[in-house]
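Asks: give the three-dimensional model of this entry:
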Amino acid sequence: MFAPPTVVALLLGLAATPGTAAAATPAPQPYVANPKPAHTVLGPGDSRTAVRVKFAEGAPVRLRDGRLTGPADAPAVRAALAAGTVSRLFPQSEQELADLTAAARRRSGRVQADLDQYYRVALRPGTDPAAVLDALNALPVVEIAYPEPLPAPPPGAAAARPARPGTTAATPNFADRQRYALPGDGIDAAFARTVPGGTGRHVRVHDIEYGWHVNHEDLTKLTAPGAMVPQGRPSSSFESHGTAVMGELIANDNAFGVTGLVPDATPQLTNVGTTTGHNVAGAITTAARALRPGDVMLLEQQMNTCGGGYGPVEWEPATYDAIVAATSAGIAVVQAAGNGNQNLDAPCNGNPFPRGKPDSGAIIVGAGGAGAGQKCSPPRQKLGFSTYGRRIDVQAWGECVVTTGSGDLQGGADTVKYTARFSGTSSASPIVTGAAAALSSIARERGRTLRPTEIRDILRGTGQAQVGTGGQIGPLPDLRAAIARLQAILAAEGR
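Replies: Alright, predicted model coming up:
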């Protein structure tokens, strides 16, 4: 017999090991199993050709020579899985996953999901996925089985406008148009850069994304050895999207183009698309193994939630558990809320989002107006497409963002394109990532590694309040106020 989740929580719970953070570590949270649906109803974002299954915590299930062993070798399980081919969901080895979750548990004291209990089942043509899922969910050894999420478009893009004709003229300096970096309607990254560590030099910022133009003239650090941390064999798409995201974050501080919010941070990239499929959860564990406590991971993804529109990717159980492992390991995870205008407080999303599970520790970002200075929507008001709810922590500009890529501001080859119209929770999330990275780097300058929840609490508690109605997307970070709060904390600790 395998131990139920509550017993596993007691067996695996360990006291948090002392780290560089001086503040008290939150009390450990038990593992909470995913609730099973009474009956499978496939939605528009669900695959009809593949499903995912997580076996119960404590069940000694392993894949050996293409066959599941242990309780999963029972006749009822074999019958339910007979309609497809089983493979492990996460790309890491059993030992690598065990090492990742053990380190996360030691650092945080939080009981981790056994990520090696997740499997993918590629269904044979003509198979009814709902019937397979219902059969799996009827088995006690299965914690949850669900449709594989279909790849969703990125949560925003540059406006669909024709690129200007190419030119051989030198690229102008567009930095004065990056008002999201300034005080007032922006986050005041300009002030953060005057504070030791505030340019991000002590942290890595890691983008999980579809693709990038890594040879862009203003993103030279993307070609450095180690910048690409691949998941499997990458399959790239939406390269202009990733280029715009990285321009907001780490574009070179030079006399042309744009300047990143944290230009001295070390960038890293991991692909969600591979030659064998789309795997956000696997990208997170791939990235987490390359990062250190205090680094920042950005999830530039969205997915269909229970309301049928786009919301945060932690809605998917495997992705949620991977995020928990990353934040428990000390990595700040920033997640786009999605562009579906979904209410995360709706009953079908669980209370709280997602599925009534404990807080993942991630920072979830909504999209707000950029302000009259950009001839855009009123500042800090929820934009109509932004997903909202109590789980949304902070907001940033979801429109009118000047950055690399696309070509409506400057056209030509992909290596010299710039845009003034990057948008969505896609443009908002890198702004918050930049704020988190600046804050973390300043703390490291003073010998302190902030926990992910500390970064979130400071940004949320010192930001400029949301304006208007339409659902909660939280305040806009204010780095000047956030740094003052951080400095007070450090001074109280004698740093």
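
Asks: just to check, Arg88 is in contact with Tyr119?
Replies: Yes. Judged on CB atoms under 8 Å, Arg88 makes contact with Tyr119 at a distance of 6.1 Å. C-beta: built from backbone N, CA, C; applies to glycine.

Asks: most centrally placed residue in this structure?
Replies: Leu299 (2.5 Å; CA atoms, centre = their mean).

Asks: so the nearest residue to it once chain neighbours are set aside: helix, strand or coil?
Replies: Nearest non-adjacent residue to Leu299, counting by CB to CB, 6 or more residues apart in numbering: Gln335, 4.5 Å away. Assigned state for Gln335: strand (three-state reduction, DSSP: H, G, I helix; E, B strand; the rest coil).

Asks: is Gln335 in a bridge, and if so with what?
Replies: For Gln335, the beta-bridge partners are Leu299, Ile364 (DSSP bridges).

Asks: distance check, it against Gly424.
Replies: 14 Å (CB to CB, to the nearest Å).

Asks: just confirm Arg52 is within a strand.
Replies: Yes. Assigned with three-state DSSP, Arg52 falls within a strand.

Asks: what number of residues lie near it?
Replies: Neighbour count of Arg52, defined by other CB atoms under 10 Å: 22.

Asks: check contacts around Thr319.
Replies: Thr319 is in contact with Val280, Ala281, Ile284, Val313, counting by CB atoms under 8 Å, 6 or more residues apart in numbering.

Asks: repeat that with 6 Å
Replies: Val280, Ala281, Val313 (CB atoms under 6 Å, 6 or more residues apart in numbering).

Asks: most neighbours of all those residues, which one?
Replies: Counting by other CB under 10 Å, top hit in the contacts of Thr319: Val313 with 30 neighbours.

Asks: below-threshold pLDDT in the stretch 1-150 of the chain: ranges please.
Replies: Low-confidence segments of the stretch 1-150 of the chain, defined by pLDDT under 70: 1-29.

Asks: secondary structure class for Ala484?
Replies: helix.

Asks: nearest residue to it in space, please, no chain neighbours.
Replies: Thr462 (7.6 Å).

Asks: doesn't Ile483 make contact with the one you found?
Replies: No. When contacts are counted by CB atoms under 6 Å, Thr462 is not listed as touching Ile483 (8.8 Å).

Asks: so which of the two has more stuff around it?
Replies: Ile483 (24 against 19).

Asks: would you mind measuring from the more buried one to Pro263?
Replies: 17 Å.

Asks: show me the contacts for Gly211.
Replies: Ser236, Ser237, Phe238, Glu239, Gly242.

Asks: mind listing what the last one touches?
Replies: Taking CB under 6 Å, 6+ apart as the contact definition, Gly242 lies against Glu209, Gly211, Trp212.

Asks: check for me that the second one belongs to a strand.
Replies: No. With the criterion set as three-state DSSP, the secondary structure at Gly211 is coil rather than a strand.

Asks: which pLDDT value does the model give it?
Replies: pLDDT for Gly211: 97.

Asks: grab the nearest non-local neighbour of it.
Replies: Ser236 (3.3 Å).

Asks: the one you found belongs to a strand?
Replies: No. Per three-state DSSP, Ser236 lies outside any strand segment and is coil.

Asks: right, and the residue nearest to the centre of the chain touches Glu209 too?
Replies: No. Under the criterion of CB under 6 Å, Leu299 makes no contact with Glu209, lying 8.9 Å away.

Asks: any idea how many residues pack against the residue nearest to Gly211?
Replies: Ser236 has 15 nearby residues by other CB under 10 Å.

Asks: need the pLDDT of it.
Replies: For Ser236, the predicted pLDDT is 92.

Asks: any figure for the gap between the residue nearest to Leu299 and Asp295?
Replies: 15 Å.

Asks: residue contacts, Val394?
Replies: Contacts of Val394 by CB under 6 Å, 6+ apart are Val365, Val432, Leu459, Arg460, Gly463, Gly474, Pro475, Pro477.

Asks: let's go with 8 Å and repeat that
Replies: Ile363, Val365, Gly366, Val432, Leu459, Arg460, Gly463, Ile473, Gly474, Pro475, Leu476, Pro477.

Asks: Thr220 now?
Replies: Asn252.

Asks: let's go with 10 Å and repeat that
Replies: The contact partners of Thr220, by CB atoms under 10 Å, 6 or more residues apart in numbering, come to Val214, Ile250, Ala251, Asn252, Asn254.
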